[in-house]
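Colleague: Have a look; sequence and predicted model below, questions after that.
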Amino acid sequence: MDHHRCELLVPAGGMDQFIAAVENGADAVYIGGHLFNARINAGNFDDRELQAAVDFAHKRSVKVYVAMNTLLTDDELDGALKYAGFLYEAGVDALIIQDLGLGKLIREYMPDFPLHLSTQATVYDLRGVETASRLGYDRVVLARELSLPEIKEICSNTETEIEVFVHGALCICYSGQCQLSRYFGGRSGNRGMCAQPCRLPYITTDSLGRPVDAFRYPLSPRDQCLIRELGRLAEAGVLSLKIEGRMKSAEYVAVVTSIYRKYLDIYYEKGSYAVADDDMLALTQIFNRGGFTSDYLYGEDGMSLMSGDLPKHRGVRIGKVIKRVQGTALLDVKLYDQLSIGDGVEIQGRELAGNVVTYYKELKGGLTRIGDIKGAVSHGDPLFRISSKAQLDEARRTYSQVELDQGKYLRKTGVDMTLAADGDGLKLTVKHESGAFVEVDAGPFPRNKGKSADPARIEQALRKTGNTPFKTNNVEVEGEIEASFKVAEINDMRRRALTEMEESLVVRRPGRLPLEYVPLKDWQPLEAVELYYYTWEAYKEHFVPDYAEHLDVPKVSVIPVTEFEVHYDELGDELVIPYISNVSRGREDRFLEEHFDSIAAHCMDRGIYAGGLSWIHPFRAAGVDVFADYGLNVLNRQTAAALDAIGVRRCADSLEAATEEQGAYPLMTMQHEPAGDHLSARGKGGIVLLHRDFSDQTLLIPEKKPVCEAGNSTSDILRIYIA
């Protein structure tokens with residue numbers, strides 16, 4: 001692939017999806033193995049399937065990346081390292097990683113294995129990308145919240161490869177910073193078990209408990225669709241355009257991949273394109289949550305980002321209900337678009353009613369009678385086509401005739417063939433578009449003096465590539481060939497050469513020494529209690545829970561860096577350490593930039609907590625001690641060691657280890673600001689929306705003390721979060 005050409009990167013949660021991705025034009029496919037991936041409930045690949053899939057892709061010049069993008073405990077690192085060793089030997093092109101500790105180990109044991117830093121690592125600016133590069137990552141997957149100017153600024157100033165999401169589901173929380181699923185049900189998104197509580201209905205109230213007019217699903221965003229923006233992203237310098245969806249169907253993968261492939265190719269051929277209405281309709285039909293959004297790319301994060309009152313696939317609106325045929329499951333409807341038997345429909349009235357259409361009859365007066373539709377409907381209710389049988393059938397045709405080792409493949413890569421006389425024999429050279437080449441020979445053959453072989457017959461034989469993953473581009477017959485041979489012998493040479501070519505494209509790396517991971521030493525007993533305040537007001541009230549008050553260790557207050565700097569003269573003798581938020585994008589970053597020297601001077605005697613990768617280096621360079629805050633997700637000692645290598649003195653625990661004693665710890669960090677001050681879901685605890693003047697981000701925190709299993713602290717400090 002030309003370095004300047006964007007890669008189209010496509011998800012596959014199982015083998016059908018994988019073949020659909022390759023056959024519909026993916027440049028690279030990302031998958032999960034059976035271990036340590038953030039979509040552990042997708043189909044995923046066992047070792048044998050994974051090896052076969054990687055080989056299938058490589059024969060077609062398609063790369064394969066494997067997501068090992070969960071946070072890991074110390075006990076899991078040994079298994080993760082061994083699994084990475086298997087993927088390395090299998091020829092996987094890169095690993096997608098969130099856990100900095102795992103990244104450190106892979107760098108040490110397999111230094112030539114490319115690493116991509118997952119969007120779960122919450123990198124949203126150039127400083128963060130530079131730190132990722134220092135830690136050994138070849139590519140960074142940016143946070144989805146970034147605008148086009150921000151993406152461009154990053155790409156223009158780094159050699160690190162940049163990947164952005166262009167299509168599919170959005171998390172409303174900055175990826176990697178979400179504890180809501182774990183808080184509600186013990187299933188952590190950072191550990192591959194997200195239960196998607198953001199797609200639940202919530203009741204929104206103000207600070208006094210009065211109902212607020214708001215969406216029923218205030219945390220459920222629309223799906224992203226940047227099909228019209230591919231040229232702008234390419235010009236900004238993005239290397240990889242990523243489609244989301246390892247939980248999606250093979251039909252979804254086929255439809256979305258083929259449409260993105262089409263417009264990326266047109267852009268590179270013509271320099272611009274307009275998306276046809278029927279392609280936009282196809283994307284909408286295969287999956288959308290109340291339409292699509294490109295808001296983040298244009299710096300918007302308001303209500304138009306959200307899916308509103310339905311958190312699931314909405315389909316395409318194609319008509320309305322006129323009436324039910326009494327006593328039957330038949331409806332008379334007015335259609336504005338086509339509908340066929342086998343399509344799925346849903347009437348989205350007060351209740352949802354729907355089914356697959358099994359009966360279809362056009363009536364007089366422009367109405368259509370359809371069945372079999374159960375459920376309550378009213379006159380005027382909107383009718384949506386949820387699935388199109390024709391679309392799904394067409395999508396399936398692209399992958400259902402193909403298995404990894406047989407079938408009529410659509411996806412082929414180009415080879416050039418040259419046949420030349422070689423003494424009494426023949427030599428066939430085959431050169432692949434990737435630069436790989438093979439030579440085979442045949443003979444000796446009797447001479448046919450004065451009568452040379454017909455080049456057209458030779459060319460015809462060499463162009464037959466059958467069910468191989470190749471197509472013949474150029475055929476050259478060098479010089480006069482006077483050998484006397486049968487066409488069958490040319491066919492045999494071609495078959496041998498293409499088989500060798502297939503084998504040469506398969507990547508195997510030599511196995512490493514036994515990968516034995518030696519855990520680092522245990523941590524110290526409790527040495528301090530940290531009281532972590534979200535605001536200056538909370539710090540001034542200085543509430544300390546009873547159980548913490550009784551602990552005979554020093555108490556340290558941790559407050560936002562902006563409040564620390566503004567109120568520095570009011571701090572008194574008590575030890576106060578400032579923190580930079582896990583996401584400081586916007587106002588907080590501007591404040592840090594404007595007051596950097598003063599903040600650094602005020603922190604010389606106490607240090608500063610960094611919530612993400614971005615500010616570690618500037619403060620270290622200024623001579624300030626830097627500590628890792630919860631946003632860096634330190635869940636194992638190797639992550640602490642990786643951060644130590646770039647100058648981080650001490651680490652707070654990841655919130656993955658947070659327990660109920662720790663109070664109102666952050667559950668989400670959002671760029672979007674929902675209406676109201678308080679959310680409650682049926683059967684779940686209440687949640688407070690925390691808005692702070694110094695920050696562009698909204699935090700969700702528990703209203704009451706959370707109840708979850710006690711975690712194991714890797715730290716010698718007990719931290720209590722106080723709202």
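Modeller: Nice, I can see it.

Colleague: Check which element follows the top helix by length along the chain along the chain.
Modeller: Taking DSSP state H as the criterion, the chain has its longest helix at helix 250-270. For helix 250-270, the following helix or strand on the C-terminal side (DSSP states H and E) is helix 277-286.

Colleague: Now tell me what touches that following helix from outside.
Modeller: By C-beta atoms under 8 Å, 6 or more residues apart in numbering, the residues outside helix 277-286 that reach it are 167, 225, 227, 251-252, 255-256, 259, 262-263, 291-292, 315-316, 385, 387-388, 391, 395. Yep, even glycine has a C-beta here, placed from its N, CA and C like the rest.

Colleague: switch to 6 Å and redo it
Modeller: Residues outside helix 277-286 that contact it (C-beta atoms under 6 Å, 6 or more residues apart in numbering): 252, 255, 259, 316, 388, 391.

Colleague: by how many degrees do that helix and helix 250-270 diverge?
Modeller: 150 degrees (axes from the mean of the first three to the mean of the last three C-alpha atoms, to 10 degrees).

Colleague: Could you list the buried residues of helix 277-286?
Modeller: For helix 277-286, burial by neighbour count (16 or more other C-beta atoms under 10 Å) applies to 279, 282, 283, 284, 285, 286.

Colleague: Going by residue numbers, what spans are helices in the stretch 251-400 of the chain?
Modeller: 277-286, 389-397 (DSSP state H, counting those that start in this stretch).

Colleague: Residue 595 is nearest to which of those helices?
Modeller: Closest approach to residue 595 among those is made by helix 277-286 (45.7 Å; C-beta to C-beta).

Colleague: Residue 365 - how many residues pack around it?
Modeller: By other C-beta atoms under 10 Å, the residues close to residue 365 number 7.

Colleague: Tell me, what's the model's pLDDT at it?
Modeller: Residue 365 is assigned a predicted lDDT (pLDDT) of 91.

Colleague: and residue 618, which of the three is it?
Modeller: Three-state assignment for residue 618 (DSSP: H, G, I helix; E, B strand; the rest coil): helix.

Colleague: Repeat that for the one 5 residues further on.
Modeller: Using three-state DSSP, the structure places residue 623 in coil.

Colleague: ok, now how distant is it from residue 559?
Modeller: Using C-beta to C-beta, to the nearest Å, residue 623 is found at 22 Å from residue 559.

Colleague: Which one's more surrounded, the two?
Modeller: residue 559 (23 against 10).

Colleague: hmm, back to that, any idea which of the helices of the stretch 251-400 of the chain gets closest to residue 415?
Modeller: Nearest of those (C-beta to C-beta): helix 389-397, 26.1 Å.

Colleague: can the helices of the stretch 251-400 of the chain go into JSON lines with extra columns for distance to residue 62 and mean pLDDT?
Modeller: As requested, these are exported to JSON lines (distance: least, C-beta to C-beta, whole Å; pLDDT from 0 to 100):
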{"stretch": "helix 277-286", "distance to residue 62": "22", "mean pLDDT": "97"}
{"stretch": "helix 389-397", "distance to residue 62": "19", "mean pLDDT": "96"}
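
Colleague: For residue 645, which of those is the nearest?
Modeller: Among the helices of the stretch 251-400 of the chain, the nearest to residue 645 by C-beta to C-beta is helix 277-286 (44.0 Å).

Colleague: Am I right that residue 198 is in a strand?
Modeller: No - per three-state DSSP, residue 198 lies outside any strand segment and is helix.

Colleague: I'd say it and residue 173 touch.
Modeller: No - the pair residue 198 / residue 173 is not scored as a contact, 7.3 Å apart, by C-beta atoms under 6 Å.

Colleague: how about the longest helix of the chain: buried residues?
Modeller: Buried-residue list, helix 250-270, by 16+ other C-beta under 10 Å: 250-264, 266-268.

Colleague: And the protein, split by domain according to the record?
Modeller: As recorded under automatic domain parsing, the domains making up the chain are 7-170+221-303, 316-397, 412-505, 528-665+706-722.

Colleague: what's the most buried one of the ones you listed?
Modeller: Stretch with highest mean neighbour count among the domains of the chain: domain 7-170+221-303 (a mean of 21; mean count of other C-beta atoms under 10 Å).

Colleague: Paired strands for the lowest-mean-pLDDT helix or strand in the chain, with orientation please.
Modeller: Lowest on mean pLDDT, DSSP states H and E among the helices and strands of the chain sits strand 406-407, with a mean of 72. Applying DSSP bridges to the sheet, strand 406-407 is found paired with strand 402-403 (antiparallel).

Colleague: got the contact list for the partner strand?
Modeller: Contacts of strand 402-403 (C-beta under 6 Å, 6+ apart): 19, 409.

Colleague: The residue nearest to residue 126 when sequence neighbours are not counted and residue 581: what is the separation?
Modeller: Residue nearest to residue 126 in three dimensions, not counting chain neighbours: residue 154, with 5.0 Å by C-beta to C-beta, 6 or more residues apart in numbering. As for residue 154, its distance to residue 581 is 19 Å (criterion: C-beta to C-beta).

Colleague: Then residue 327?
Modeller: 61 Å.

Colleague: Residue 492 now?
Modeller: 68 Å.

Colleague: rewinding a little: between the contacts of helix 277-286, which is nearest residue 676?
Modeller: Looking across those and measuring by C-beta to C-beta, the closest to residue 676 is residue 316, at 31.6 Å.

Colleague: show me what contacts residue 59?
Modeller: For residue 59, the contact set (C-beta under 6 Å, 6+ apart) comprises 469, 502, 505.

Colleague: Contacts only, for the spatially closest residue to it that is not a sequence neighbour.
Modeller: Using C-beta to C-beta, 6+ apart and skipping the chain neighbours, the partner closest in space to residue 59 is residue 469 (4.5 Å). By C-beta under 6 Å, 6+ apart, the contact set of residue 469 is 59, 60, 409, 412.

Colleague: OK, contacts around the second one?
Modeller: Put plainly, it is residue 60. 22, 411, 413, 469.

Colleague: wait, residue 202 sits on residue 682?
Modeller: No - contact status for residue 202 versus residue 682: not in contact, 9.0 Å apart, counting by C-beta under 6 Å.

Colleague: quick one, which of those two is more surrounded?
Modeller: Comparing residue 202 with residue 682 by other C-beta under 10 Å, the one with more neighbours is residue 202, at 24 against 8.

Colleague: excluding its backbone neighbours, what's nearest the more buried one?
Modeller: Using C-beta to C-beta, 6+ apart, the nearest residue to residue 202 is residue 679, at 4.2 Å.

Colleague: and the closest residue to residue 439 other than its chain neighbours, what element?
Modeller: Nearest residue to residue 439, sequence neighbours excluded (C-beta to C-beta, 6+ apart): residue 429, at 5.1 Å. Using DSSP H and E, residue 429 maps to strand 425-432.

Colleague: Determine the set of other helices and strands touching the helix or strand just after that strand.
Modeller: Sequence-wise, the next helix or strand downstream of strand 425-432 (DSSP H and E) is strand 437-442. With contacts taken as 3 or more C-beta pairs under 6 Å, 6 or more residues apart in numbering; DSSP states H and E, strand 437-442 sits against strand 425-432, helix 487-505.

Colleague: can you list the residues that contact strand 437-442?
Modeller: Against strand 437-442 from outside (C-beta under 6 Å, 6+ apart): 422, 425-431, 489, 493, 496-497, 500-501.

Colleague: tell me the angle it makes with strand 425-432.
Modeller: Going by the same axes, to 10 degrees, strand 437-442 makes 160 degrees with strand 425-432.

Colleague: Perfect, that will be all.
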